[in-house]
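>>> sequence first, predicted model second:
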Amino acid sequence: MAEKKITRKEMFAHIAEVCAEDQDIVAFCEAQIAALDRQNEKARERRAQNKGSNPEVEKFRQDVVNYLFEVGEPKTNKEISEHFGVSSQKTANALRVLVERSLVERHENSEKKSAPATFTVVMTA
């Protein structure tokens, strides 16, 4: 029979329920639950802050846009990564955001399915 996994908060709530007649145990469990809630709130705040704009990341994104504008021709993720000397993952993340912001266009190679996508700056009139 497989055991059901429970969180620490659920465990302390269950202990408090089972031992409801012992106020010391109930108070201990309530304090533990409150501490877990504070930890979870702090973790949520950190995650929310990390989702915010990082100046270094924003500068790199702007550098990518400037590079694509200056070269004036489609470039692959690999070519952009090599130009800046960074990982292709960092460049891919930057390109994904730039495409979402409609600053860069992604072009799939229709002739060769295995060929990598290329990217260009969106030119506005």
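Looks like it came in fine. Residues are numbered from 1 along each chain as shown.

>>> give me the number of residues near Arg106?
The number of residues packed near Arg106 is 14, by other Cβ atoms under 10 Å. Backbone N, C-alpha and C define where each C-beta goes, glycine included.

>>> and if you look at Leu95?
Leu95: 24 neighbours (other Cβ under 10 Å).

>>> quick check: what element follows the helix or strand hosting Ile80 along the chain?
In the assignment (DSSP states H and E), Ile80 maps to helix 77-84. Downstream of helix 77-84, the next assigned helix or strand under DSSP H and E is helix 88-100.

>>> can you list the buried residues in the next helix or strand after that next one?
Later in the chain than helix 88-100, the nearest helix or strand by DSSP H and E is strand 104-107. Buried positions in strand 104-107, judged by neighbour count with 16 or more other Cβ atoms under 10 Å: 104-105.

>>> so how far is strand 104-107 off the chain centroid?
Counting by Cα atoms, centre = their mean, to the nearest Å, strand 104-107 is centred 21 Å from the centre of its parent chain.

>>> helix or strand next in line after the lowest-mean-pLDDT helix or strand in the chain, which one?
Comparing helices and strands within the chain by mean pLDDT, DSSP states H and E singles out helix 23-51 as the least confident, with a mean of 87. Moving toward the C-terminus from helix 23-51, the first helix or strand encountered (DSSP H and E) is helix 55-71.

>>> about what we covered before: output the contacting helices and strands for the least confident helix or strand of the chain.
Packing partners of helix 23-51 (3 or more Cβ pairs under 8 Å, 6 or more residues apart in numbering; DSSP states H and E): helix 8-18.

>>> and Leu68, how many neighbours?
Using other Cβ under 10 Å, Leu68 has 23 neighbouring residues.

>>> no, scratch that, I was asking about Phe12
22.

>>> give me the pLDDT value at it.
Per-residue confidence (pLDDT) for Phe12: 94.
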